[in-house]
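Novice: Task: produce atomic coordinates for the following.
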Amino acid sequence: MEPAQALSDLMELSSQIKAAVVLDNDGAVLASSPEDATAASALAASALELVGAAADLGSAGQEVTRVEVELDEGALFVVREGERTIVATTGPDPTSGLVVYDLRTCAQSLRAEEPKRRRARKPKEASE
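Specialist: The predicted structure is shown next:
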């Protein structure tokens, strides 16, 4: 599924999510809702900073797959799945498990469309 469509589906599905951004493996914004480029860039930068800080807390070589920050005004969730990262903001007191489930479902729909690496075929032997 295309990132914009997956994000649109996510926003329809989850009433708790106020804004969301899909990032590629390099941290570039692939899709955002709402489509404000400045807000999307700021949200992406915050997510990458949080993932970096979380990685510093963990064991070397461990990949960060989820970060959640809850504030009085709302929460920020970051979910990494494969080569995609989805960042979302919510209002106050979100149902964390449900938000994470919705984000993982969205990420998996993106992952299903990632190109699969094809193996080279063995050359056919010449017939005698």
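Novice: tell me which strands and helices the longest helix seen in the chain is in contact with?
Specialist: Scanning the chain for the longest helix, with DSSP state H as the assignment, gives helix 37-57. Using 3 or more C-beta pairs under 8 Å, 6 or more residues apart in numbering; DSSP states H and E as the contact criterion, the secondary-structure elements in contact with helix 37-57 are strand 17-23, strand 29-33, strand 66-70, strand 75-81, strand 84-90. All C-beta spots, glycine's among them, are computed from the backbone N, C-alpha and C.
Novice: how about 6 Å then?
Specialist: The criterion is 3 or more C-beta pairs under 6 Å, 6 or more residues apart in numbering; DSSP states H and E, and the helices and strands that helix 37-57 contacts are strand 17-23, strand 29-33, strand 66-70, strand 75-81.
Novice: got CSV for those, with distance to Asp9 too?
Specialist: Formatted as CSV, those follow (distance: least, C-beta to C-beta, whole Å):
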stretch, distance to Asp9
strand 17-23, 11
strand 29-33, 10
strand 66-70, 20
strand 75-81, 15
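Novice: wait, which of the ones you listed is closest to Leu48?
Specialist: The minimum distance between Leu48 and the helices and strands packed on helix 37-57 falls on strand 17-23, with 7.7 Å, by C-beta to C-beta.
Novice: neighbouring contacts of the closest one?
Specialist: When contacts are defined by C-beta atoms under 6 Å, 6 or more residues apart in numbering, strand 17-23 is touched by residues 3, 7, 29-33, 40, 43-44, 85-90.
Novice: Note down every partner strand of it and its orientation.
Specialist: According to DSSP bridges, strand 17-23 has the following sheet partners: strand 29-33 (antiparallel), strand 84-90 (antiparallel).
Novice: Also compute the angle for the first one relative to helix 37-57, please.
Specialist: Counting by axes from the mean of the first three to the mean of the last three C-alpha atoms, to 10 degrees, strand 29-33 points 120 degrees away from the direction of helix 37-57.
Novice: Give me the contact list for strand 29-33.
Specialist: Among residues not part of strand 29-33, those counted as contacts by C-beta under 6 Å, 6+ apart are 3-4, 7, 11, 20-22, 24, 40, 44.
Novice: Perfect, that will be all.
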